[in-house]
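Novice: With the input below, show me the fold.
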Amino acid sequence: MSNAPQDPAGSAPHAYAHHTASGAAPGARSTQGRSPGTGWAAGGAMFAGVLMMVLGIIDMLQGIVGIARNDVYAEIGDYVFEFDARTWGWIHLVIGLIVALIGAGILSGATWARAGGVALAALALIANFLWLPYQPVWAVISIAIAVFVIWALCADDTPRGGGTATA
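Specialist: Residues are numbered from 1 along each chain as shown. Coordinates of the predicted model:
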């Protein structure tokens, strides 16, 4: 007879029992201290950082085009938020630069970048809403990206700042 400890059901514990949460089936993922779906949010936060860098670079290029050539974007009739292309170019250049920098901060795991990313994604969302008549397709895509970035950064609850996780 074996000297292995018995579980309440009377059988010897499985070889992987020490890897699972108490009461979980062998092979099941432990969710101790984390909410289900956190892996998606953590991956989404990393993807949000990449999206912010790409969106920032594209916004900077869009801004440079607006500054360099005032006639590159279509003229809008009577629009409440009507600015000339150079003004929109400067707006997109500045926001794009900051968005790209915060995206890099998110990828490096900086805690400040997460809050800054949410705030800047909200600002970019508003700017792209106001930009809608000038380039409707790109503005809608940018708005959707900003909404995803806000969700991903708010839903991610993984520790930041070099802290060590304990079991």
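
Novice: Grab the longest helix from this structure for me.
Specialist: If you go by DSSP state H, the chain has its longest helix at helix 38-68.

Novice: could you point out which element follows that helix?
Specialist: Using DSSP states H and E, the helix or strand that follows helix 38-68 in sequence is helix 85-108.

Novice: buried ones in the next helix or strand after that following helix?
Specialist: Next helix or strand after helix 85-108 toward the C-terminus (DSSP H and E): helix 111-131. For helix 111-131, burial by neighbour count (16 or more other CB atoms under 10 Å) applies to 113-114, 116-118, 120-121, 124-125, 127-128, 130-131. (Glycine included, C-beta is placed from N, CA and C.)

Novice: Does the longest helix of the chain pack against any helices or strands, and if so which?
Specialist: Packed against helix 38-68 by the contact rule (3 or more CB pairs under 8 Å, 6 or more residues apart in numbering; DSSP states H and E) you find helix 85-108, helix 111-131, helix 136-155.

Novice: Check the gap between the nearest residue to residue 47 once chain neighbours are set aside and residue 54 for me.
Specialist: The shortest distance from residue 47 to any non-neighbouring residue, by CB to CB, 6 or more residues apart in numbering, is to residue 152 (6.7 Å). Going from residue 152 to residue 54 by CB to CB, to the nearest Å gives 14 Å.

Novice: Between the two, which is the more surrounded one?
Specialist: Shown here are residue 152 and residue 54; by other CB atoms under 10 Å, residue 152 has more neighbours (25 against 14).

Novice: ok so, going back, relative to residue 59, how far out is the residue nearest to residue 47?
Specialist: Between residue 152 and residue 59 the computed distance is 19 Å (CB to CB).

Novice: which parts of the helix-or-strand element of the chain with minimal mean pLDDT are buried?
Specialist: The weakest-scoring helix or strand in the chain, judged by mean pLDDT, DSSP states H and E, is helix 38-68 (a mean of 82). Residues 41-42, 44-46, 48-49, 51-53, 55-56, 58-60, 62-63, 66-67 are the ones in helix 38-68 that count as buried (16+ other CB under 10 Å).

Novice: Repeat that for stretch 141-155.
Specialist: Going by 16+ other CB under 10 Å, stretch 141-155 has these buried residues: 142, 143, 145, 146, 149, 150, 151, 152, 153, 155.

Novice: Surely residue 105 touches residue 112?
Specialist: Yes - here residue 105 lies in contact with residue 112, judged by CB atoms under 8 Å, at a distance of 6.8 Å.
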